[in-house]
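A.B. asks: based on what follows, work out the 3D shape:
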Amino acid sequence: MNLKNQFEALCSPFTEDKQLINSLWKEIETQYSEKGRHYHNLLHLDNIFNELEDVKGNISDFTAISFSVFYHDIIYDASSKSNEEKSAAKAEKRLAELHIDKHKISIISAQILATKSHQQSDSEETNYLLDADLSILGKDFKSYLEYTLNIRKEYSIYPDFLYKPGRKKVLKHFLELESIFKTEYFREKYENQAKENITAELQLLK
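C.D. replies: Numbers count the residues shown, from 1 in each chain. This next block holds a predicted model:
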């Protein structure tokens, strides 16, 4: 199922207003297709959903996590430090328009905010979202390299002497974590390769 159909199916239990659903989808599509987005785009959303498909049976509220995926990077500006907060606020506003209950909206908002620091969460569902979001780190090195080039393009406003130290800091932070991936499933699938990829990128950044 493509993302548009998936989003429509996600919204339909909450409203019969097809026009509203369409306008919400158009906003998502427009935001994720912005000119400067080389990695944080619709393909990224697609990849997250593909990863979550395998663990769907472990997720009790797949509706909440799906909304979190769609909205977690809806606001993305490489020069901003508050993308997640702005994305969560946007999600809260839009989901209220769908008349989703406040408790579910607060869960979704918390999941989006968790993608900022990628710390272990008390909620296993949130951990699955975080792991799927970072799954690119554990892909084959060719895919990983393509990802690093796309991230560099997103940060093209910064010259190397500013970009490289910032990128190294992010990568070292991942290596310092007890484990990059929070769930057993993703740890077994990607942890070792992710550490190899990150170590290799750090060598390239010298």
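A.B. asks: give the rounded mean pLDDT of the top helix by length along the chain.
C.D. replies: If you go by DSSP state H, the chain has its longest helix at helix 184-204. Mean pLDDT, computed over helix 184-204, is 98.
A.B. asks: equivalent analysis for stretch 23-32, please.
C.D. replies: In the prediction, stretch 23-32 has an average pLDDT of 98.
A.B. asks: give me the contacts around that stretch.
C.D. replies: Under the contact criterion C-beta atoms under 8 Å, 6 or more residues apart in numbering, stretch 23-32 has outside partners 4, 7-8, 11, 40-42, 44-45, 70-71, 73-76, 94, 97-98. In this view, the C-beta of every residue, glycine as well, is placed from N, C-alpha and C.
A.B. asks: weed out the non-buried ones from these.
C.D. replies: 7-8, 11, 40-42, 44-45, 70-71, 73-76, 94, 98 (16 or more other C-beta atoms under 10 Å).
A.B. asks: quick one, grab the pLDDT at residue 1.
C.D. replies: 73.
A.B. asks: that one against residue 8, yeah?
C.D. replies: No. With contact defined as C-beta atoms under 8 Å, residue 1 does not reach residue 8; the gap is 9.5 Å.
A.B. asks: sorry, back to before: and which of the buried ones among the contacts of stretch 23-32 is nearest to residue 192?
C.D. replies: For those, the closest approach to residue 192 (C-beta to C-beta) belongs to residue 44, at 22.8 Å.
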